[in-house]
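K.L.:
Okay, sequence plus prediction incoming.
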Amino acid sequence: MVRIHTISLKKIKTQLWIGLLLLLVIGIIKLQEDKKLTGDIHLDRQITKYLKDQTLDSRTYKKILEETIPYVEDYSNLGHPSESVFSKSFLLFTGIHWDNLNSIIEIIIPTAKYFNIYSQEYAQNIAEIEGNFEEYKNNSSIIQDEEDYYLIEEESTEHPDFAGIKYSREQLSDINFLQKNLYNFEGNLVLTQKELPAVNLINKDLTIEKKNNQPQILIFHTHSQEAYSDSSPGDLDKGVVGLGEKLAKELHERYGVGVLHHKGQYDVVNGKIMREGSYERMEPALRKILKDNPSIEVVIDIHRDGLPDDVRLVTNINGKPTAKVMFVNGICKTMLNNKLVDIKSLPNPYIEENLAFSLQMQLKGNELYPGLLRKIYIKPYRYSLHMCPKSLMIEVGANTNTYEEAENAIEPLCEILAEVLGLEESNY
């Protein structure tokens with residue numbers, strides 16, 4: 001499962017008013033002292049000028065968070081505002097979005113907005129923990145005890161109305177149609193046809209030509225420890241690694257294509273689960289594999305999503321209960337002052353190819369297996385999609401699915417992949 005930074009609002013809500021009052025008093029005192037020395041120059045302008053002159057990176061942002069709000073753990077940055085009367089009233093009187101960490105920080109530290117964009121790089125790799133947490137709650141190695149999850153609005157186990165429909169050029173040129181039928185955008189992301197040129201994306205040739213005795217597809221797991229509701233802790237064969245092995249064998253045995261399944265564990269450090277930095281730890285190893293195997297044309301990172309315990313996304317495929325599947329794309333852009341801007345610290349020269357891959361998979365999946373796929377999820381970050389043009393990030397089911405339900409998704413997923421890549425079934 002792909003994760004974003006989480007902290008505990010429960011631990012700061014009770015202290016926020018006191019903190020704001022203290023900051024106000026201190027600010028007034030400092031302002032009076034400063035006026036004596038500098039005349040009419042305000043303290044906040046001095047701080048702003050100072051921070052503008054500094055080079056702020058993700059480590060700076062991390063340090064500020066850790067030192068100003070210790071023990072950041074449970075707050076889920078779900079990308080949508082709370083609808084409670086209290087939160088709306090709080091916003092009205094204070095200007096603080098209660099469910100938006102950045103707005104709180106920017107009220108307390110006005111100049112935080114100058115390094116907000118750098119937080120995206122840090123947020124991509126913040127710690128998380130997989131699966132069933134009851135067994136881990138008293139374990140000091142655990143970073144947090146609550147799962148993040150993607151928004152699940154408009155999700156259904158019913159077959160979508162648009163399944164099997166051949167989309168017109170006009171429909172694919174309408175960003176509203178795309179968002180309603182094919183995409184979910186995280187939080188306040190506002191994408192246009194420029195970022196999602198669907199007509200161009202579906203026309204990209206993603207087929208590969210089979211080569212004998214050479215690996216052409218690489219399967220790996222940035223988060224190798226992600227498991228399912230009935231998985232035993234530490235049993236990788238009953239988690240996403242087991243799914244990767246099944247997909248690798250299916251592709252090789254059914255379609256005769258060379259597949260390399262890499263089982264590196266980049267979310268484990270010194271025997272403890274540690275998701276922070278897993279993408280950085282993964283990248284050098286993956287780049288070496290790609291360098292040593294130049295025949296590889298397709299790279300697939302298999303995860304599983306995390307959902308509340310009472311949410312299960314299961315459909316029926318070929319008479320079997322099957323976990324639903326979702327493709328994820330990092331757009332490497334974020335919203336700043338209501339404008340979409342590049343995250344320069346997370347470059348990806350292959351964004352358009354990545355988007356073409358997930359969109360063609362989505363359309364083919366809706367055609368072949370209605371109800372199997374959730375909408376493509378677009379996030380601000382980058383993840384593991386920048387090392388190869390034909391890169392795909394897949395969420396197979398969630399922590400609330402059984403391993404069998406997730407495993408049942410592999411066969412139809414393999415067929416969809418083969419169709420997009422132009423693979424014909426092998427004769428042996």
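P.N.:
In hand now; what should we look at? Residues are numbered from 1 along each chain as shown.

K.L.:
out of everything not next to it in sequence, what's closest to residue 313?
P.N.:
residue 324 (4.2 Å; Cβ to Cβ, 6 or more residues apart in numbering). All C-beta spots, glycine's among them, are computed from the backbone N, C-alpha and C.

K.L.:
what's the pLDDT at that neighbour?
P.N.:
Looking at residue 324, its pLDDT is 98.

K.L.:
Tell me the spacing between it and residue 346.
P.N.:
From residue 324 over to residue 346 the distance is 28 Å, taken as Cβ to Cβ, to the nearest Å.

K.L.:
Looking at the two, which is more packed in?
P.N.:
Using other Cβ atoms under 10 Å, the more surrounded residue of residue 324 and residue 346 is residue 324, with 25 against 20.

K.L.:
tell me the contacts of the more buried one?
P.N.:
Counting by Cβ atoms under 8 Å, 6 or more residues apart in numbering, residue 324 touches 155, 157, 313, 314, 315, 371, 372, 373, 374, 397, 409.

K.L.:
Might one say that the third one is in contact with residue 399?
P.N.:
No: with contact defined as Cβ atoms under 8 Å, residue 313 does not count as touching residue 399 (11.2 Å).

K.L.:
Who has more neighbours out of those two?
P.N.:
Per other Cβ under 10 Å, whichever of residue 313 and residue 399 has more neighbours is residue 399, with 24 against 21.

K.L.:
Find the nearest non-adjacent residue to the more buried one, please.
P.N.:
Counting by Cβ to Cβ, 6+ apart, the residue nearest residue 399 is residue 306, at 5.0 Å.

K.L.:
Next, count neighbours for that neighbour.
P.N.:
The number of residues near residue 306, taken as other Cβ under 10 Å, comes to 22.

K.L.:
Next, show the common contact partners of residue 313 and residue 399.
P.N.:
Residues touching both residue 313 and residue 399 (Cβ under 8 Å, 6+ apart): residue 307.

K.L.:
Just the CA coordinates for the host helix or strand of residue 327, please, in PDB.
P.N.:
Following DSSP states H and E, one finds residue 327 within strand 325-330. This file holds the C-alpha atoms of strand 325-330, laid out as PDB (Å, rounded to 0.1, in the frame of the first residue of the first chain):
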ATOM      1  CA  VAL A 325      -7.500  -4.100  -8.100                       C
ATOM      2  CA  MET A 326      -6.400  -0.500  -8.500                       C
ATOM      3  CA  PHE A 327      -3.600   1.200 -10.500                       C
ATOM      4  CA  VAL A 328      -1.800   4.100  -9.000                       C
ATOM      5  CA  ASN A 329       0.100   6.900 -10.700                       C
ATOM      6  CA  GLY A 330       2.300   9.600  -9.200                       C
END
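
K.L.:
Please list the residues outside it that contact it.
P.N.:
By Cβ under 8 Å, 6+ apart, strand 325-330 touches 2, 150, 303, 305, 346, 348, 351, 354-355, 358, 361-362, 365, 372-383, 385, 392-397, 409, 413.

K.L.:
In a strand, residue 216, correct?
P.N.:
Yes: judged by DSSP: H, G, I helix; E, B strand; the rest coil, residue 216 forms part of a strand.

K.L.:
OK, contacts around it?
P.N.:
208, 210, 257, 258, 259, 295, 296, 297, 298.

K.L.:
Which of these scores worst on pLDDT?
P.N.:
Lowest pLDDT of these: residue 210, 92.

K.L.:
hang on, that one packs against residue 422?
P.N.:
No: the pair residue 210 / residue 422 is not scored as a contact, 9.3 Å apart, by Cβ under 8 Å.

K.L.:
Out of those two, name the residue with the larger neighbour count.
P.N.:
Taking other Cβ under 10 Å, residue 210 and residue 422 do not tie; residue 210 has more neighbours (15 against 12).

K.L.:
now that one: how far from residue 421?
P.N.:
Residue 210 is 10 Å from residue 421, by Cβ to Cβ.

K.L.:
same question, residue 411
P.N.:
Look at residue 411 and residue 421: by Cβ to Cβ, they are 16 Å apart.

K.L.:
Looking at these two, which one has more neighbours?
P.N.:
residue 421 (23 against 18).

K.L.:
does residue 317 have beta-bridge partners, and which?
P.N.:
Beta-bridge pairing of residue 317 under DSSP bridges involves residue 320.

K.L.:
show me the contacts for it.
P.N.:
The contact partners of residue 317, by Cβ under 8 Å, 6+ apart, come to 369, 371, 372, 408, 409, 412.

K.L.:
May I see the contacts of residue 216 arranged in TSV, with distance to residue 285 and secondary structure as well?
P.N.:
Formatted as TSV, these follow (distance: Cβ to Cβ, whole Å; DSSP: H, G, I helix; E, B strand; the rest coil):
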residue	distance to residue 285	secondary structure
208	23	coil
210	26	coil
257	22	coil
258	19	strand
259	17	strand
295	18	coil
296	14	coil
297	19	coil
298	17	strand
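
K.L.:
Show me the shaky parts of the stretch 51-200 of the chain.
P.N.:
51-165 (pLDDT under 70).

K.L.:
wouldn't residue 172 be in contact with residue 202 here?
P.N.:
Yes: contact criterion Cβ under 8 Å: residue 172 and residue 202 qualify, at 6.9 Å.

K.L.:
So those two - more neighbours on which side?
P.N.:
More neighbours surround residue 172 than the other of residue 172 and residue 202, with 22 against 15 (other Cβ under 10 Å).

K.L.:
Quick check: the more buried one vs residue 239, distance?
P.N.:
36 Å.

K.L.:
Repeat that for residue 366.
P.N.:
From residue 366 over to residue 239 the distance is 27 Å, taken as Cβ to Cβ.

K.L.:
Neighbour count for the two, which is higher?
P.N.:
Between residue 366 and residue 239, counted using other Cβ under 10 Å, the more crowded position is residue 239 (26 against 22).

K.L.:
Where do the domain boundaries of this protein fall?
P.N.:
Listed by automatic domain parsing, the domain ranges of the chain are 6-123, 169-421.
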